[in-house]
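Undergrad: Attaching a predicted model along with its sequence, questions to come.
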Amino acid sequence: MDLRFTPEEVAFREEVRAFIRDNLPREIRERMRLGYPPRKQDTIDWMRILNAHGWAAYNWPKEHGGPGWSPIQRMIFNEENLAAPAPELLSFNITMIGPVLIQFGTPEQKAHFLPRARNLDDWWCQGFSEPGAGSDLASLKTRAVREGDDYVVNGQKIWTSTAHNADWCFCLVRTNPQAAKRQEGISFLLIDMKTPGIEVRPIISIDGSHHLNEVFFTDVKVPVANLVGEENKGWTVAKYLLGNERTGIARLGKSKERVRFAKEIAREVRHRGAPLIEDRGFRQRVAQMEVDMKALEITQLRVISAYAKAGGNRPDPLSSVLKVKGTELLQASSEMVMDVGGPQAMPIWQHELAAMANEPAIGPDWAAYMAAPYLMLRAASIYGGTNEIQKNILNKAVLGL
Ligand SMILES: Cc1cc2nc3c(=O)[nH]c(=O)nc-3n(C[C@H](O)[C@H](O)[C@H](O)COP(=O)(O)OP(=O)(O)OC[C@H]3O[C@@H](n4cnc5c(N)ncnc54)[C@H](O)[C@@H]3O)c2cc1C
């Protein structure tokens, strides 16, 4: 296998980089460079800019409004977008519900939801996890009972990212509690978040932000027309969703961007009378990170190649390496940024609190938002399937243990 990019792929990377440089609003880029997460409107604005150029649904085929790119082009686009740094495309819309509807949706569902998903007219969230059903997702209990042309949904979801922003939720519900196998009694429903009976309660995370929620359903009526695939066959849909587009899971562009930022700040920070960037220990740490990132990039290409050889129908189990190693690098790079910031990086929200008190902020701008992403990224090895579960998959499918 040739692990070099072709001249066309190199040119494509340049095209993507130039487009982002020329079109990403400067204020969004600058906030993100300092580590702040994008605001809701930032994500909407950026996705609409990309959609107008035909790039928002970067992994969809042309007939559904995507650019029809190859897996390598998608990987390059994703990496450049993260490295810019630009807001990540809302994965619930682009890598989750979009491909699911393309594969399993009715013509009406496709016609209505796909254009709205790629333009972020609808913000989607994912209602899979429940208290007691995370890694063991098949044990979910939220119940949907058919009554005429509706399902009536009762139950609770948890860790529902951005549910408070969402217009719609794709949800796994139990439609047949008597099924011989737990997986056979589950269905996949599209639920309008404005339906009476839905309550969203915030969960504030360790970084002080509101990203997560609990969602409660009490006698929520969902039209049968919002069922995706067949009743009781939702597990097949969910497996497709979870296995789809695994290569983006490494979020390598983000780690690269964080290491670049750490190096930039290390030119300013002084250590033992000299810029930190000149410190031998620091340089070794950067070199190790860069070697690890290069290794992950090559593994990513191997996974894409294996996936293409298998006909693109099922994720290569090696993609679990991308999740494990990718999240380890994300955590290590955010830790490196924190270490470079030193004591200045410790307080969260110091600049916001100073602004509220109408006082000048203490410390440089670059230190204002180092701690929060560091703290939040501890969760990266939990969401999207915990790293322990990924290691189980690797043990079984790759090592044959
Ligand atoms: C920031 C964040 C965002 C999230 N966003 C969403 C979302 O938008 N929508 C959604 O549906 N869910 C979301 N989740 C939930 C996420 O998918 C679950 O947290 C995850 O699947 C783990 O489930 P759990 O929390 O129930 O932990 P558990 O499954 O109870 O696991 C607890 C611990 O036991 C370990 N463990 C469990 N089973 C095994 C096993 N068989 N072998 C070895 N170790 C095991 C796990 O690795 C973990 O360390 C989010 C979670 C986080 C942290």
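TA: Sure, I can see it. What you see is a predicted model, and the numbers here were worked out from it, not measured in a lab.

Undergrad: So D365 sits against R33, correct?
TA: No: contact between D365 and R33 fails when scored by C-beta atoms under 8 Å: they sit 9.8 Å apart. No exception for glycine: its C-beta is placed from N, CA and C like everyone else's.

Undergrad: what about the helix or strand harbouring M47, average pLDDT?
TA: Assigned by DSSP states H and E, M47 belongs to helix 40-52. On average, the pLDDT along helix 40-52 is 98.

Undergrad: before we move on, the earlier item: compare neighbour counts for D365 and R33 and give me the winner.
TA: A count of neighbours by other C-beta atoms under 10 Å puts R33 above the other of D365 and R33, at 17 against 11.

Undergrad: re the thing from before, just checking, next helix/strand downstream of the helix holding M47?
TA: helix 71-83.

Undergrad: For that following helix, name the packing helices and strands.
TA: The contact analysis (3 or more C-beta pairs under 8 Å, 6 or more residues apart in numbering; DSSP states H and E) places helix 71-83 against helix 7-23, helix 252-266, helix 280-309.

Undergrad: Can you tell me which of those is nearest to S205?
TA: helix 252-266 (17.9 Å; C-beta to C-beta).

Undergrad: Need the mean per-residue confidence for the closest one.
TA: For helix 252-266, the per-residue pLDDT averages 95.

Undergrad: list the buried ones in that helix?
TA: 252-259, 261-263, 265-266 (16 or more other C-beta atoms under 10 Å).

Undergrad: so for the next helix or strand after it, what's the average pLDDT?
TA: Moving toward the C-terminus from helix 252-266, the next helix or strand (DSSP H and E) is strand 270-271. Average pLDDT, strand 270-271: 92.

Undergrad: right, and the helix or strand after strand 270-271?
TA: strand 274-275.

Undergrad: list the contacts for T386?
TA: T386 is in contact with 134-135, counting by C-beta atoms under 8 Å, 6 or more residues apart in numbering.

Undergrad: The closest residue to the ligand within the chain - how many residues pack around it?
TA: The nearest approach of the chain to the ligand comes at G134, 1.9 Å away (C-beta to the nearest ligand atom). Using other C-beta under 10 Å, G134 is surrounded by 18 other residues.

Undergrad: Spit out the contact partners of it.
TA: 159, 386.

Undergrad: can you give me phi and psi for it?
TA: phi -120, psi -90 (degrees, to the nearest 10).

Undergrad: Where does the prediction get shaky in this protein?
TA: 1-3, 245-247, 311-315, 347-351 (pLDDT under 70).

Undergrad: Could you list the contact residues of it toward the ligand?
TA: Within the chain, the residues that sit near the ligand (C-beta under 6 Å from any ligand atom) are 125-129, 134-135, 159-161, 212, 379, 382-383, 386, 388-389, 392.

Undergrad: Give the full set of residues in contact with the spatially most central residue of the chain.
TA: Geometric centre of the chain, nearest residue: S91, 5.3 Å, by C-alpha atoms, centre = their mean. By C-beta under 8 Å, 6+ apart, the contact list for S91 reads G248.

Undergrad: Please tell me how far it sits from N59.
TA: Per C-beta to C-beta, to the nearest Å, S91 is found 10 Å from N59.

Undergrad: V321 too?
TA: 20 Å.

Undergrad: now swap in R270 and tell me
TA: R270 sits 45 Å away from N59, going by C-beta to C-beta.

Undergrad: what about those two, which has more around it?
TA: Between R270 and N59, counting by other C-beta under 10 Å, N59 is the more crowded of the two (23 against 12).

Undergrad: Got phi/psi on that one?
TA: Dihedral angles for N59 - degrees, to the nearest 10 - are phi -110, psi 10.

Undergrad: got a list of what it touches?
TA: Contacts for N59 (C-beta under 8 Å, 6+ apart) come out as 66, 69, 74, 94-95, 98-99, 245.

Undergrad: which phi and psi does the residue with the largest distance to the centre of the chain have?
TA: Centroid-distance maximum for the chain: G273 at 40.8 Å, with C-alpha atoms, centre = their mean. Note on G273: backbone dihedrals following degrees, to the nearest 10 are phi 80, psi 0.

Undergrad: Adjust the sequence numbering to begin at 861 for everything that follows.
TA: With 861 as the first residue, the last one maps to G1133.

Undergrad: so who does it touch?
TA: G1133 sits next to no residue when contact means C-beta under 8 Å, 6+ apart.

Undergrad: next one: the one 4 residues further on
TA: For I1137, the contacting residues are 1123, 1126-1127, 1143, taking C-beta under 8 Å, 6+ apart as the criterion.

Undergrad: looking at this, it is in a helix?
TA: Yes: I1137 sits within a helix when classified using DSSP: H, G, I helix; E, B strand; the rest coil.

Undergrad: Can you give the distance of the strand ranked longest in the chain from its chain's centre?
TA: Using DSSP state E, we find that the single longest strand of the chain is strand 1070-1083. Relative to the centre of its chain, strand 1070-1083 is centred 21 Å away, using C-alpha atoms, centre = their mean, to the nearest Å.

Undergrad: Adjacent strands (with direction) for that strand?
TA: Under the criterion DSSP bridges, strand 1070-1083 sits next to strand 1010-1018 (antiparallel), strand 1058-1064 (antiparallel) in its sheet.

Undergrad: With mean neighbour count added, can I get those strands in CSV?
TA: CSV is the format used below for the strands paired with strand 1070-1083 (neighbours: other C-beta atoms under 10 Å):
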stretch, mean neighbour count
strand 1010-1018, 20
strand 1058-1064, 14
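
Undergrad: Columns distance to I1158 on top of the ones you listed, output as CSV?
TA: Shown next, in CSV, are the strands paired with strand 1070-1083 (distance: least, C-beta to C-beta, whole Å):
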stretch, distance to I1158
strand 1010-1018, 37
strand 1058-1064, 38
